[in-house]
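Student: Would you be able to build a 3D model of this:
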Amino acid sequence: MLKSLKNSILIVLTVIIFQSPSIADETIEMLNKLNNESMVYSKKIVKVNVGDTVFWKSTTKGHNVEFIKGGTPEGVGKFKSKMNQDTEFKFTVPGIYAYWCTPHKAMGMIGFVVVGDDKSNLEAIKKIRFVGKSKKIAPDLISQL
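Tutor: Just a heads-up that it's a prediction; the model follows:
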């Protein structure tokens, strides 16, 4: 009887653990400086599974997250966070998501999220018109996707 009860508790705990939604599967900091770079996300490329959440932490003031027009899979709406605030997004559609910090996109503050290892919208990502320093950074990052 005790062994049966222990097994039942173990099964229930396993189900709870594996069905619990995660709060944030990846955290990216929005920073003024990181090593020798200015105006940068702490991670430029993250890979997540469908259903995962990315959390952007407003570590230093003056930043946000905005999905770039034409830089998301088909059917994904606009996403633009408020300035100076933590934000998160739950990724339910597989594909590549390109984003930037609205005021610092010309300074190279860009990033990419690859969801479900799906790169079917890679050609659309390559056609994005990046500006300023982002033009120089984007091709290298895209080649790493």
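
Student: residues contacting Ala106?
Tutor: Contacts for Ala106 (CB atoms under 8 Å, 6 or more residues apart in numbering) come out as Val131, Gly132, Lys133, Ser134. For every residue, glycine as well, the C-beta is placed using N, CA and C.

Student: Closest one of those residues to Phe55?
Tutor: Of all the contacts of Ala106, Phe55 sits closest to Ser134, with 22.8 Å by CB to CB.

Student: Dump the contacts of Ala106 to CSV, plus distance to Tyr41, secondary structure and neighbour count.
Tutor: Shown next, in CSV, are these (distance: CB to CB, whole Å; DSSP: H, G, I helix; E, B strand; the rest coil; neighbours: other CB atoms under 10 Å):
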residue, distance to Tyr41, secondary structure, neighbour count
Val131, 16, coil, 14
Gly132, 16, coil, 13
Lys133, 14, helix, 17
Ser134, 12, helix, 21
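
Student: where along the protein do the helices fall?
Tutor: Using DSSP state H, the helices assigned to the chain run over residues 2-19, 122-126, 133-144.

Student: What is the neighbour count of the closest residue to Val50 other than its chain neighbours?
Tutor: Sequence neighbours aside, Gly116 is the residue nearest to Val50 in space, at 4.6 Å (criterion: CB to CB, 6 or more residues apart in numbering). Using other CB atoms under 10 Å, Gly116 has 18 neighbouring residues.

Student: Appreciated, that's everything.
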